[in-house]
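*Asks:* no FASTA, just this:
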């Protein structure tokens with residue numbers, strides 16, 4: 001949002017996370033939406049044709065052990081490829097619950113500002129701008145798949161984040177009314193979104209043809225924009241793929257990645273499966289890197305990426321590979337010592353554009369440091 005740097009996007013990276021009382025099932029990228037037509041309250045269904053959806057929501061019922069002198073609780077836990085959470089309620093005096101008004105009932109015909117712009121935060125590399133006199137890049141964040149007939153936007157509500165080129169003169173100001181302020185406040189306050197990986201190439205920020213490239217990640221909380229470092233990754237400055245939620249009623253939910261797959265989506269280039277921790281030792285030779293490291297040696301530059309791509313590429317992607325990043329998550333819930341698995345695992349799917357250069361002049365060696 002204007003003046004806020006809590007929503008991050010890595011340079012030329014496009015990712016999605018979901019928010020809400022129940023988490024959305026759609027991962028979309030390149031959500032090209034501004035204000036006015038197509039961005040109002042009545043949003044059509046559908047996602048981005050360039051990005052397969054993350055796994056859909058799975059729910060389960062759970063009744064925490066009763067506590068002395070406390071009414072019994074009935075809980076529902078839920079998770080998908082972007083987040084997890086729970087909702088608990090105590091039965092009313094006649095066994096019924098509270099009936100909440102829907103967004104449509106509370107806010108009438110107000111128009112929702114579905115997309116907001118923000119500046120790219122300091123410390124995040126920016127894409128090369130070939131048209132600096134015409135505009136600049138910004139973070140575009142959009143609320144997707146809002147169900148107006150629910151209290152909080154429904155179980156398909158999702159949040160997409162992308163870097164977009166914004167022409168000079170574009171209206172990037174936040175608009176304010178009841179429905180807009182309510183839904184965006186929910187986005188900022190939610191803490192149940194899985195950390196989102198932002199890929200970092202090592203040892204060269206831009207990979208070089210024929211030189212082994214190793215990948216690590218910065219794991220960012222999409223709600224706060226801060227590094228998520230919990231559990232086994234607590235002491236890692238780049239965070240890690242782990243999230244634990246503890247409720248006052250004793251219910252615990254844990255999400256931990258089991259593996260990461262990076263696929264260049266190019267003919268003749270195989271995907272690589274990596275350990276969740278994506279280990280990497282700076283300045284160590286490629287043969288001395290730990291097992292489970294993410295390593296790819298690119299046989300050609302990204303100049304011909306569109307010619308050999310095995311997936312559709314957005315028109316915005318130029319001279320770069322359109323890389324898939326799939327994170328497999330295992331989610332459990334229950335009480336300490338009695339944890340149960342929810343579903344059969346969840347896949348978070350996203351894309352990141354990755355330029356790869358080829359050094360041809362003998363007097364211009366790549367800056368490779370092991």
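*Replies:* Perfect, thanks for sending it. Owing to the predicted nature of the structure, the values given are computational and were not obtained by experimental measurement.

*Asks:* Using the three-state scheme, assign residue 54.
*Replies:* Following DSSP: H, G, I helix; E, B strand; the rest coil, residue 54 is assigned to coil.

*Asks:* Distance of it relative to residue 244?
*Replies:* 20 Å (CB to CB, to the nearest Å). C-beta coordinates here come from the backbone N, C-alpha and C atoms, glycine included.

*Asks:* out of those two, which sits in the more crowded spot?
*Replies:* residue 54 (28 against 12; other CB atoms under 10 Å).

*Asks:* Not counting sequence-adjacent ones, nearest residue to the more buried one?
*Replies:* residue 81 (2.8 Å; CB to CB, 6 or more residues apart in numbering).

*Asks:* can I assume the one you found is in contact with residue 58?
*Replies:* No - between residue 81 and residue 58 there is no contact under CB atoms under 8 Å: 10.1 Å.

*Asks:* and residue 359, helix, strand or coil?
*Replies:* coil.

*Asks:* What is the neighbour count of it?
*Replies:* Neighbours around residue 359, by other CB under 10 Å: 15.

*Asks:* hang on, isn't residue 355 packed against residue 208?
*Replies:* No - using CB under 8 Å, residue 355 is not in contact with residue 208; the gap is 10.6 Å.

*Asks:* List phi and psi for residue 302.
*Replies:* The phi/psi pair for residue 302 (degrees, to the nearest 10) reads phi -90, psi 10.

*Asks:* pLDDT weak spots in the protein?
*Replies:* 1-53, 69-71, 90-100, 121-128, 154-163, 187-191, 223-225, 360-370 (pLDDT under 70).

*Asks:* Quick one: end-to-end length of stretch 269-283, please.
*Replies:* 26 Å (CA to CA, to the nearest Å).

*Asks:* repeat for stretch 300-309
*Replies:* 13 Å.

*Asks:* got the buried residues for that stretch?
*Replies:* 300-302, 305, 309 (16 or more other CB atoms under 10 Å).

*Asks:* for that stretch, the distance to its chain's centre please.
*Replies:* 26 Å (CA atoms, centre = their mean, to the nearest Å).

*Asks:* bridging residues for residue 89?
*Replies:* residue 74 (DSSP bridges).

*Asks:* so how far is the strand or helix carrying residue 182 off the chain centroid?
*Replies:* When elements are assigned from DSSP states H and E, residue 182 belongs to helix 178-189. Relative to its parent chain, helix 178-189 has a centroid offset of 19 Å by CA atoms, centre = their mean.

*Asks:* continuing past that helix, what's the next helix or strand?
*Replies:* Once the chain leaves helix 178-189, the next helix or strand it forms, by DSSP H and E, is strand 196-202.

*Asks:* Please compute how far that next one lies from its chain's middle.
*Replies:* Using CA atoms, centre = their mean, the offset of strand 196-202 from its chain centre is 12 Å.

*Asks:* Could you tell me which strands sit next to that strand in the sheet, and their orientation?
*Replies:* Strand 196-202 is paired, per DSSP bridges, with strand 213-220 (antiparallel).

*Asks:* now the helix or strand following the strand it pairs with against strand 213-220, angle please.
*Replies:* Downstream of strand 213-220, the next assigned helix or strand under DSSP H and E is strand 242-246. Following axes from the mean of the first three to the mean of the last three CA atoms, to 10 degrees, one obtains 20 degrees for the angle between strand 242-246 and strand 213-220.

*Asks:* so how far is residue 324 from residue 81?
*Replies:* Taking CB to CB, one finds residue 81 at 13 Å from residue 324.

*Asks:* circling back to that earlier point, any common contacting residues for residue 81 and residue 58?
*Replies:* residue 346 (CB atoms under 8 Å, 6 or more residues apart in numbering).

*Asks:* Compare the two and say which is more crowded by neighbours.
*Replies:* residue 81 (28 against 17).

*Asks:* The more buried one and residue 351, how far apart?
*Replies:* Applying CB to CB, the value for residue 81 to residue 351 is 14 Å.

*Asks:* What helix or strand is the residue nearest to residue 54 located in?
*Replies:* Per DSSP H and E: nothing holds residue 81, as it lies in no helix or strand.

*Asks:* quick one: contacts for residue 194?
*Replies:* Shown in contact with residue 194 (CB under 8 Å, 6+ apart): 17, 81-84, 241, 243, 255, 329, 348.

*Asks:* Any idea how many residues pack against the closest residue to it other than its chain neighbours?
*Replies:* Among residues not flanking residue 194 along the chain, residue 83 sits closest, at 5.3 Å (CB to CB, 6+ apart). Neighbour count for residue 83, taken as other CB under 10 Å: 33.

*Asks:* beta partners for residue 83?
*Replies:* Going by DSSP bridges, residue 83 forms beta bridges with residue 193.

*Asks:* just to revisit the earlier point, overlap of the contact sets of residue 81 and residue 351?
*Replies:* With CB under 8 Å, 6+ apart, residue 81 and residue 351 have no common neighbours.

*Asks:* now the strands for the stretch 51-200 of the chain?
*Replies:* All strands of the stretch 51-200 of the chain, identified by DSSP state E, counting those that start in this stretch, fall at 58-62, 74-79, 84-89, 115-118, 135-144, 158-167, 196-202.

*Asks:* by contact count, what packs against the fifth one?
*Replies:* Here strand 135-144 is seen to pack against strand 115-118, strand 158-167, helix 178-189 when contacts are counted using 3 or more CB pairs under 8 Å, 6 or more residues apart in numbering; DSSP states H and E.

*Asks:* buried set for that strand?
*Replies:* 137-144.

*Asks:* Using a markdown table, lay out the residues you listed together with distance to residue 359.
*Replies:* Below are the buried residues of strand 135-144 laid out as a markdown table (distance: CB to CB, whole Å):
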| residue | distance to residue 359 |
| --- | --- |
| 137 | 27 |
| 138 | 32 |
| 139 | 32 |
| 140 | 34 |
| 141 | 37 |
| 142 | 39 |
| 143 | 43 |
| 144 | 41 |
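
*Asks:* That'll do, ta.
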